[in-house]
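Enquirer: A predicted structure for the sequence below; I have some questions about it.
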Amino acid sequence: MPFQPLPDDQPSCTVACPACGHRWLVYEQQLGLLGPCPACDAARPRYMGSVAPGSGRQVSFGSFRDLLDEPRLLHLIEQTLGLRPLDAERFADAQGREVPLEDIHYALQGNAGWQGRVYNLHMSRTR
């Protein structure tokens, strides 16, 4: 039987593909049950850690991506992570290296204060 999350569950664990480095959020209950990487279909991903636990304010990667046109989110990314936008979904660090959007999402979700700010932006938009 495939994993079915409870209605109040939120994905809270990050995994990464050892082949391509793609990262994504999963439910804690899925650790060890995961199949291949959704980006490259390679070997089973490895556990990278959890987002800020217990806050109940996680924002999914898809919802985070939908917020990228929000100037307050772009300002948060610039101020907290020191990244500058290259275009709609690409950011660069101070050395000009591109930073994967998944890593930005993970970093913001890994800090309870930043996570709360992203959550508030998301809730403001959905109401």
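Expert: Good, I have the coordinates.

Enquirer: residue ranges with poor pLDDT in this structure?
Expert: 1-9, 32-34, 47, 49-56 (pLDDT under 70).

Enquirer: Can you tell me what sits against the host helix or strand of residue 106?
Expert: Residue 106 is part of helix 101-109, with elements assigned from DSSP states H and E. Outside helix 101-109, the residues within contact range by CB atoms under 8 Å, 6 or more residues apart in numbering are 14, 22-25, 48, 51-52, 58-59, 61, 64-65, 76-77, 80-81, 83, 89-91, 114-115, 118. Heads up, the C-betas are built off the backbone N, CA and C, glycines and all.

Enquirer: Can you give me the distance of the spatially most central residue of the chain to residue 44?
Expert: The C-alpha lying nearest the average C-alpha coordinate of the chain belongs to residue 105 (CA atoms, centre = their mean; 3.3 Å). For residue 105, the distance to residue 44 equals 21 Å [CB to CB, to the nearest Å].

Enquirer: Return the set of buried residues in the helix ranked longest in the chain.
Expert: Identified as the longest helix of the chain according to DSSP state H is helix 112-126. For helix 112-126, the neighbour count (16 or more other CB atoms under 10 Å) marks 114-115, 117-119, 121-122 as buried.

Enquirer: for those, which one is nearest residue 31?
Expert: Closest approach between the buried residues of helix 112-126 and residue 31, by CB to CB: residue 115, at 20.2 Å.

Enquirer: Please parse this protein into its domains.
Expert: Annotated domains of the chain cover 13-50, 61-126 [automatic domain parsing].

Enquirer: Surely residue 64 is in contact with residue 118?
Expert: Yes. Using CB atoms under 8 Å, residue 64 is in contact with residue 118, at 6.6 Å.
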